[in-house]
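Asker: no sequence for this one, just the structure:
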């Protein structure tokens, strides 16, 4: 098993070869889950400055739910609505590669710093979106990056709408961008 810390760093650096590696490694789902859980906790801690101590559990749960929703949405959009000519992948492969694209989320722990919290969350959101573009281009076998960008943006917008519903149900907390 490849070192998870090395993989986290490579994923955050948008290393295309890492996403190829994860795509082919059926055992990488466990690592993806660990990355999502730990980075979600980091994001939850980073939410404390914006929504208080409840930000730890609310932020963590929301991010975990968001991962599963986001993975399914981009899987559906990328394989059923606008697939590429070579697209042939199952949901678990998309789930694990997207799990690795959450690696930049560890930086969200810096969101706890009042002056830079919102900026950190915004930058990390864009960084994660870029990581997802790289991951999906690889896993969905797209020939150009624009195809992956469109799938990511559509998936991200749908996911954000779904998360808003979750936030309302959980007490109307502010969207953690």
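Answerer: Structure's in. What do you need? Source: prediction; values computed, not measured.
Asker: just want the phi and psi numbers for residue 27.
Answerer: phi -90, psi 0 (degrees, to the nearest 10).
Asker: and for it, the neighbour number?
Answerer: Neighbourhood size, residue 27 [other C-beta atoms under 10 Å]: 10. (C-beta placed from N, C-alpha, C; glycine too.)
Asker: again, but for residue 98
Answerer: Residue 98, neighbours per other C-beta under 10 Å, totals 28.
Asker: state the distance from the nearest residue to it once chain neighbours are set aside to residue 7.
Answerer: Spatially, and ignoring its direct neighbours in sequence, residue 98 is nearest to residue 71 (4.6 Å; C-beta to C-beta, 6 or more residues apart in numbering). Per C-beta to C-beta, to the nearest Å, residue 71 is found 18 Å from residue 7.
Asker: higher neighbour count, these two?
Answerer: residue 71 (25 against 22).
Asker: helix or strand: which one has that one?
Answerer: Using DSSP states H and E, residue 71 sits in helix 55-76.
Asker: list of residues touching that helix?
Answerer: Outside helix 55-76, the residues that touch it by C-beta atoms under 8 Å, 6 or more residues apart in numbering are 36-37, 39-41, 43-49, 51, 89, 91, 94-95, 98-99, 102, 105, 132, 136, 151-152, 154-156, 158-159, 162-163, 166-167, 170-171, 173, 176.
Asker: all set, thanks.
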